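K.L.:
Quick one, fold the following:
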Amino acid sequence: MTNLIGEKLDFLMRLTNTQNSVLGRALNFDASYISRIRSGKRGMPRHPSFVNSASTYFAQNIEKPYQRNAAAEEICPGHFWPDSRQDAAALIAAWLTGESAPGASEPVASFLDGLSQLSPFTSGELPISSTASAGNENICLLYGNEGKRQGVEALLRDLSTLSTPQVCLVFSNENMSWLIEDAEFTKRWTALLERLLNSGSRIRIIHTVSRDTGEMLEAIRRWLPLYMTNAIEPWYYPGERDPVLRRTLVVAQGHSALISTSIGDQTEERLNILLRDPRAVAALETEFTDHLRLCQPLMESYLPEHSRRFSQALIRLRGIEGDLLLSRTMPSLGSMPPDMAEAVAIRCNSRRFAARCRAERADLFARLRAGYTVTELLHFPSLEEAEDGFPVPVSVMLDSQPLRLTRTELAMHLRSALKFSREEPHYRLLCTDAVPSNIQLSLVGDSDVLVVQDGKQSAAFLIREKRMCAAFHAYFHRLTQSELSGTSTRSRLDRFISELKK
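P.N.:
Below is the predicted model of the structure:
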């Protein structure tokens, strides 16, 4: 598509099925005037109200998944479509006028930014009152998106009244607009799920990964607050799926189930069936189990109380051959001089710290001897927020409390790593501002990705799905290349070390 405003306007109007007369009324312009712009016989009106009003109109009408995907592909290729209508309007306006797009965000960067701001919900934080009713019959027929919302809410409310923990089985590759188009329902749905999980119930979900990578990462990001309860088991089917025939299956084991099917993205007035018949529920549970046998784990989640499992995950990562990329607030413990590591371990009274330093050092040198490249992307911690010292990355996950380096210790560690980078050709030390300060990452070879939110509410996620991992590897490869050709790491580190001495 060229940059002609007429072609761009025509794309938006066809995407939203908007007639000239409809847009004319919405913008207070004559329909014939819209037609002439669309055909290229007139240029864009100079008055800014046209672009602003048109952008707002289209942002409000690009709602369905196929519309969002098409708009993203044309307007901000490689990125997902903004959730905020205000951001979408700004993105459309920039595209129409040929300016830089403020609303486009790289999917991996947006995922990390969302994770950095994440905190678990607290019980009772969200309202759960509702007048929706789906009846109490063994078979209840409900229609369209509103019917699906009623069925899901009825199923969850039924479970919340039970005194024993339950297992909920979830799969859907249908249009998800029913979940996000009603903000009040979304709040109630989230609150009900959180109440279930806090009571000891679990959710086993099969994610749809045949979506665009950006859409898939955004879908995972929406579930992250609930993943932080560690009560959700995410899976995915690695094969291809039929893009036409869609299905939703939600089963509360031994209690009730909701099923629906649709063609493509068309869900309006489509049938949803809420079942409470024991035999029917058992049959659908068997169907889900058959499906699950064909699936693989999407990712694993860890909280500080799971330090043993998290330690085992780190050991598995060290066993994967290939290049290593780390993005942390300080150099890896493997690059810390052994005598300094021992001194810090004694000061902190932590044998685990000393053992971790030895393990990371052994892994670092083994990779370098094998000819692999080790890259460390440093995003500096805040000096203002480190009056008590600088937290050692992921120490909360391993020791249940943050171990800290003093200003002097961090300066020594940085100087040692910088010296090592000059002596070892396969060890690269770079600086970046593109990663949030409380996010720590490990990318090994071309496979698994470990993402840790390191803070008061620490959590770790080991991503295993191939396309998601590939998206992370591609993003950090681009970021590394950008930093290699950018500002000198040496000068930035020297400035930061000088600030540490103040």
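K.L.:
Next, count neighbours for residue 445.
P.N.:
Per other CB atoms under 10 Å, the neighbour tally for residue 445 reads 15. C-betas here are computed from N, CA, C, even on glycine.
K.L.:
tell me the average confidence for whatever helix or strand residue 67 lives in?
P.N.:
For residue 67, the host element (DSSP states H and E) is helix 65-75. When pLDDT is averaged over helix 65-75, the result is 79.
K.L.:
just checking, what packs against the next helix or strand after it?
P.N.:
Next helix or strand after helix 65-75 toward the C-terminus (DSSP H and E): helix 85-97. On a contact count with 3 or more CB pairs under 8 Å, 6 or more residues apart in numbering; DSSP states H and E, helix 85-97 meets helix 5-15, helix 48-61, helix 65-75.
K.L.:
can you give me the angle the last one makes with helix 85-97?
P.N.:
Spelled out, it's helix 65-75. 40 degrees (axes from the mean of the first three to the mean of the last three CA atoms, to 10 degrees).
K.L.:
next one: the longest one
P.N.:
Going by the same axes, to 10 degrees, helix 48-61 is angled at 130 degrees with respect to helix 85-97.
K.L.:
for helix 48-61, packing partners?
P.N.:
Other helices and strands packing on helix 48-61, by 3+ CB pairs under 8 Å, 6+ apart, are helix 5-15, helix 20-27, helix 85-97.
K.L.:
Output that helix as CSV - backbone C-alpha positions only.
P.N.:
The C-alpha coordinates for helix 48-61 follow below in CSV (Å, rounded to 0.1, in the frame of the first residue of the first chain):
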residue,chain,number,x,y,z
PRO,A,48,-6.7,18.6,12.2
SER,A,49,-10.2,17.7,13.3
PHE,A,50,-10.6,15.4,10.4
VAL,A,51,-7.6,13.2,11.2
ASN,A,52,-8.3,13.2,14.9
SER,A,53,-12.0,12.5,14.6
ALA,A,54,-11.4,9.8,11.9
SER,A,55,-8.8,8.1,14.0
THR,A,56,-11.0,8.1,17.1
TYR,A,57,-13.9,6.6,15.0
PHE,A,58,-11.8,3.8,13.6
ALA,A,59,-10.2,3.1,16.9
GLN,A,60,-13.6,2.5,18.4
ASN,A,61,-14.6,0.2,15.5
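K.L.:
That helix: which residues count as buried?
P.N.:
50, 51, 52, 53, 54, 55, 56, 57, 58, 59, 61 (16 or more other CB atoms under 10 Å).
K.L.:
wait, isn't the third one in contact with residue 93?
P.N.:
So the one you mean is residue 52. Yes - counting by CB atoms under 8 Å, residue 93 is a contact partner of residue 52 at 6.3 Å.
K.L.:
What are the buried residues along stretch 221-233?
P.N.:
Buried residues in stretch 221-233, counted by 16+ other CB under 10 Å: 221, 222, 224, 225, 226, 227, 228, 229, 230, 231, 232, 233.
K.L.:
Return the distance of it from the chain's centre.
P.N.:
Relative to its chain's centre, stretch 221-233 lies at 11 Å (CA atoms, centre = their mean, to the nearest Å).
K.L.:
ditto for stretch 413-433
P.N.:
Put simply, stretch 413-433 sits 30 Å off its chain's centre (CA atoms, centre = their mean).
K.L.:
Go ahead and name everything in contact with that stretch.
P.N.:
Outside stretch 413-433, the residues that touch it by CB atoms under 8 Å, 6 or more residues apart in numbering are 327, 330-331, 335-337, 340, 364, 368, 371-380, 405, 479-480, 483-484, 487, 489-490, 492-493, 496-497.
K.L.:
what helices or strands is the helix holding residue 67 leaning on?
P.N.:
The contact analysis (3+ CB pairs under 8 Å, 6+ apart) places helix 65-75 against helix 5-15, helix 85-97, helix 213-227.
K.L.:
thinking again about what came up before, from the contacts of stretch 413-433, which land in strands?
P.N.:
Under the assignment DSSP state E, those contribute 327, 374, 375, 376, 377, 378, 405 to strands.
K.L.:
and the fourth one, what does it touch?
P.N.:
Spelled out, it's residue 376. Going by CB under 8 Å, 6+ apart, residue 376 touches 325, 326, 327, 328, 331, 332, 335, 417, 427, 428, 429, 430.
K.L.:
Could you rerun that using 7 Å?
P.N.:
Residues in contact with residue 376 (CB atoms under 7 Å, 6 or more residues apart in numbering) are 326, 331, 332, 429, 430.
K.L.:
following the helix or strand harbouring the last one, which helix or strand comes up?
P.N.:
Residue 430 belongs to strand 427-431 when assigned by DSSP H and E. Secondary structure here is assigned by DSSP H and E; on that basis, the next helix or strand after strand 427-431 toward the C-terminus is strand 439-444.
K.L.:
Could the C-alpha coordinates of the worst-scoring helix or strand of the chain on mean pLDDT be exported in PDB?
P.N.:
Sorting the helices and strands of the chain by mean pLDDT, DSSP states H and E puts helix 213-227 at the bottom, at a mean of 72. C-alpha atoms of helix 213-227 as PDB (Å, rounded to 0.1, in the frame of the first residue of the first chain):
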ATOM      1  CA  THR A 213       3.200 -14.200  18.200                       C
ATOM      2  CA  GLY A 214       2.300 -10.700  19.400                       C
ATOM      3  CA  GLU A 215      -1.300 -11.700  20.100                       C
ATOM      4  CA  MET A 216      -0.100 -14.900  21.800                       C
ATOM      5  CA  LEU A 217       2.300 -13.000  24.100                       C
ATOM      6  CA  GLU A 218      -0.500 -10.500  24.900                       C
ATOM      7  CA  ALA A 219      -2.800 -13.300  25.800                       C
ATOM      8  CA  ILE A 220      -0.200 -14.800  28.100                       C
ATOM      9  CA  ARG A 221       0.400 -11.400  29.700                       C
ATOM     10  CA  ARG A 222      -3.300 -11.100  30.500                       C
ATOM     11  CA  TRP A 223      -3.100 -14.400  32.500                       C
ATOM     12  CA  LEU A 224       0.100 -13.500  34.300                       C
ATOM     13  CA  PRO A 225      -1.600 -12.100  37.500                       C
ATOM     14  CA  LEU A 226      -3.300 -15.500  37.900                       C
ATOM     15  CA  TYR A 227      -0.100 -17.400  37.000                       C
END
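K.L.:
That concludes my questions; thank you for your assistance.
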